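Undergrad: sequence and predicted model, in that order:
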Amino acid sequence: MKNLILAVAFVFAPLASESLSSQINIKGVAVVHYNATWNEKNNYTEVAKVKDAKVMTAWIDKDNTIKASEGIRSLPTVILYMNGKEVKRWEAGLSFSLDIPYQEIQQEVDNLTGADQF
């Protein structure tokens, strides 16, 4: 339980735009959960379960450049990056919540890392 709490706390730590850019422009796979503090009750906490990717959260209302630079149109949004380039995006609808199983994101990560080959 302690490890889960630490993992969730790390995932939902805010990132500034300069930090975000350096984090997603890594070699490999990154998954970023974008949200705003006014929509915290709809955080997509399932993202913490994704393995074999750098997982992080960015708060668009704490850094207003993130919304424009990443093309965020609805909250929450989860974007999968490979070597700094967007590969796939999941966006919330009118409910301001993201209702996808984390396994869907994990499958995309596995496709990129080759983990689905085993």
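TA: Structure received. Numbers count the residues shown, from 1 in each chain.

Undergrad: every contact and neighbour count from this point should use C-alpha atoms.
TA: Will do.

Undergrad: which residues touch stretch 79-91?
TA: For stretch 79-91, contacts defined as C-alpha atoms under 8 Å, 6 or more residues apart in numbering pick out 24-33, 74-78, 98, 105, 109, 112.

Undergrad: among the residues you listed, name the ones in strands.
TA: 29, 30, 31, 32, 33, 77, 78 (DSSP state E).

Undergrad: turn those into CSV, including neighbour count.
TA: What follows is the ones in strands among the contacts of stretch 79-91, written out as CSV (neighbours: other C-alpha atoms under 10 Å):
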residue, neighbour count
29, 23
30, 24
31, 29
32, 22
33, 23
77, 23
78, 24
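
Undergrad: tell me the one of the residues you listed nearest residue 57?
TA: Distances from residue 57 to these, taken as C-alpha to C-alpha, are shortest for residue 33 (4.5 Å).

Undergrad: distance of that closest one from residue 104?
TA: 14 Å (C-alpha to C-alpha, to the nearest Å).

Undergrad: which parts of this structure are strands?
TA: With strands called from DSSP E, the chain shows them at 29-35, 54-59, 77-82, 85-91.
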